[in-house]
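**Q** coords please:
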Amino acid sequence: MTERLYYTDPYVVEFDARVVRLDEHDGRPAAVLDRTAFYPTSGGQPFDTGRLGTVAVIEVVDREDDGILHVLEGPVETGPIHGSIDWTRRFDHMQQHTGQHVLSAAFDRLLGARTESFHLGSASSTIDLGPVIAAGDVVRAEEEANRVVWEDRPVTIRFVEPDEAARLPLRKEPARTGRLRVIEVHDFDISACGGTHVARTGSIGTIAIVSTEKFRGGTRVEFQCGLRALRGYRTLRDIVASGVRLISALPGELPAGIERLQGEIKHARREIHDLQARLASFEASALVDRAVTHGASRVVIEALEGWDQNGLKTIATAIAQRPGHLAMLFAGAGARDSGAHDSTTGGPHPWAVVIARSAGATADCASLLKQLTARFGGKGGGRADLAQGGGLQGSPADLLDFARTLL
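**A** Here you go, the predicted model:
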């Protein structure tokens, strides 16, 4: 059994102990000490990191009666050893965990909303509340929690026997039995907890609710405390400042400015769509003039530049409205340069293809597409009169030559 120094004093940063057993965990060396200030993963709170001697502690595992296992970056020897905690990480966890107690108590006291679970993440933390909470009530709870923080109330640790625990107004029924470790925020919250906590609520700094969402019939609340809240504010401040510069609006006018831009974009997209449709009609007419005869059909096989798949489809279907016509149209970067390559993959640019025929043509568009993808890769599908695909790899010359051989 390892003596847990953090149970009575979470502010212990350095300590002396003895390595009483060497072990292994997931292929890494590990050690059990007679006493430790390292907190193991438990109760929604992550483990501490730091050093044993000169060796880094990279994980801490609670094996209950078998002691606390310190997973190491390298081996150590049995005997005396000096341990040191990464205080920045430890204090961050203390701020978040005590902040969670205060925030959970605020939701409980104001709204009767019980915390079902808690998770302390690397960037933010979450609590899951039983009921769905209205936005106004979230604000009330956040303000109440911060009132307790700014009053700098003492946070105490004590151990109680089962009979005394039964008389305490614990916020939540404890999962453990027997002797309990109890964390009390003066005149606000009493909870059974094995985690590390600040000595006074003022050390939490502030509690900022980042977001809320409905989750499993209740509400998930994401929050940040202390330095995390400050960093979150800085990020938000920088984002707002960038938005103000980009759309030339005051901070309070950002929502209206974004809405205005969205409206302008929608209008521009409609205009572009209309113009593309008109241009596609002219493009289709020009391509029909260059059509060649194959059997009973007039065939257009071209690689076009500057069109996406929707544009290709518009042109191909416009060609197919003419009796006895078949269109096989390709589009992709590098249509004019048969040596063009994709800078991200080093290979040729992928191509899109649309194949369409009129009622008087006999070709099976889906079959033609299948043969193209079998030769050049990519995927797609369709019907006998219209098929489309993408991701074809090859040069324009190879694509066009192979398409002609299919006829």
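**Q** residues in contact with residue 34?
**A** For residue 34, the contact set (Cβ atoms under 8 Å, 6 or more residues apart in numbering) comprises 2, 3, 17, 18, 20. For every residue, glycine as well, the C-beta is placed using N, CA and C.
**Q** residues near the third one, how many?
**A** By the measure other Cβ atoms under 10 Å, the count of residues near residue 17 is 21.
**Q** ok so it is a helix residue?
**A** No: under the criterion used here (DSSP: H, G, I helix; E, B strand; the rest coil), residue 17 is strand, not part of a helix.
**Q** Is it in contact with residue 84, as I believe?
**A** No: using Cβ atoms under 8 Å, residue 17 is not in contact with residue 84, being 11.3 Å away.
**Q** distance of the residue nearest the centre of the chain from residue 90?
**A** Nearest to the mean C-alpha position of the chain, counting by Cα atoms, centre = their mean, stands residue 123 at 11.2 Å. As judged by Cβ to Cβ, to the nearest Å, residue 123 and residue 90 stand 17 Å apart.
**Q** again, but for residue 222
**A** For residue 222 relative to residue 90 (Cβ to Cβ), the value is 22 Å.
**Q** Those two: which has the busier surroundings?
**A** residue 90 (22 against 17).
**Q** Centre of the chain to the helix or strand hosting that one, how far?
**A** Using DSSP states H and E, residue 90 sits within helix 87-111. Distance of helix 87-111 from the chain centroid (Cα atoms, centre = their mean, to the nearest Å) equals 23 Å.
**Q** what does stretch 132-149 give?
**A** That offset, for stretch 132-149, works out to 26 Å (Cα atoms, centre = their mean).
**Q** In three-state terms, label the nearest residue to residue 332 once chain neighbours are set aside for me.
**A** In space, and not counting its chain neighbours, residue 332 is closest to residue 351: 3.8 Å by Cβ to Cβ, 6 or more residues apart in numbering. What three-state DSSP gives for residue 351 is strand.
**Q** Next: residue 281.
**A** Following three-state DSSP, residue 281 is assigned to helix.
**Q** Can you pull the phi/psi pair for the nearest residue to it once chain neighbours are set aside?
**A** Of all residues not flanking residue 281 in the chain, residue 318 sits nearest, at 5.8 Å (Cβ to Cβ, 6+ apart). Dihedral angles phi and psi of residue 318 (degrees, to the nearest 10) take the values phi -70, psi -40.
**Q** From residue 12, how far off is residue 318?
**A** Computed as Cβ to Cβ, the residue 318 to residue 12 distance reads 78 Å.
**Q** who has more neighbours, the two?
**A** For residue 318 versus residue 12, neighbours defined as other Cβ under 10 Å are more numerous around residue 318 (21 against 17).
**Q** how many other residues sit next to residue 185?
**A** Residue 185 has 23 nearby residues by other Cβ under 10 Å.
**Q** follow-up on the earlier one: show the buried residues in the contacts of residue 34.
**A** Neighbour-count burial within those applies to 2, 17; the criterion is 16 or more other Cβ atoms under 10 Å.
**Q** What is the subsequent helix or strand relative to the helix holding residue 90?
**A** Helix 87-111 is succeeded, C-terminally, by strand 115-120 (DSSP H and E).
**Q** Surely the residue nearest to residue 332 is in contact with residue 398?
**A** No: contact between residue 351 and residue 398 fails when scored by Cβ under 8 Å: they sit 10.2 Å apart.
**Q** higher neighbour count, the two?
**A** Taking other Cβ under 10 Å, residue 351 and residue 398 do not tie; residue 351 has more neighbours (25 against 15).
**Q** what bits of the stretch 201-350 of the chain have low per-residue confidence?
**A** The model of the stretch 201-350 of the chain has pLDDT under 70 over residues 333-348.
**Q** Can you list phi and psi of the residue nearest to the centre of the chain for me?
**A** Dihedral angles (degrees, to the nearest 10) for residue 123: phi -110, psi -30.
**Q** Give me the spatial nearest neighbour of it, chain neighbours excluded.
**A** According to Cβ to Cβ, 6+ apart, the nearest residue to residue 123 is residue 228 (7.2 Å).
**Q** so who does the one you found touch?
**A** Contacts of residue 228 (Cβ under 8 Å, 6+ apart): 92, 95, 96, 123, 124.
**Q** so it sits in a strand?
**A** No: under three-state DSSP, residue 228 falls outside any strand and is assigned helix.
**Q** re the thing from before, what's the helix holding residue 90 packed up against?
**A** strand 115-120, strand 125-129, helix 135-150, strand 180-185, strand 189-192, strand 207-215, strand 218-225, helix 226-247 (3 or more Cβ pairs under 8 Å, 6 or more residues apart in numbering; DSSP states H and E).
**Q** Could you check how far the residue nearest to residue 123 is from residue 145?
**A** Distance, residue 228 to residue 145, using Cβ to Cβ: 15 Å.
**Q** repeat for residue 17
**A** Separation of residue 17 from residue 145 (Cβ to Cβ): 37 Å.
**Q** Residue 198 too?
**A** The gap separating residue 198 from residue 145 is 14 Å, by Cβ to Cβ.
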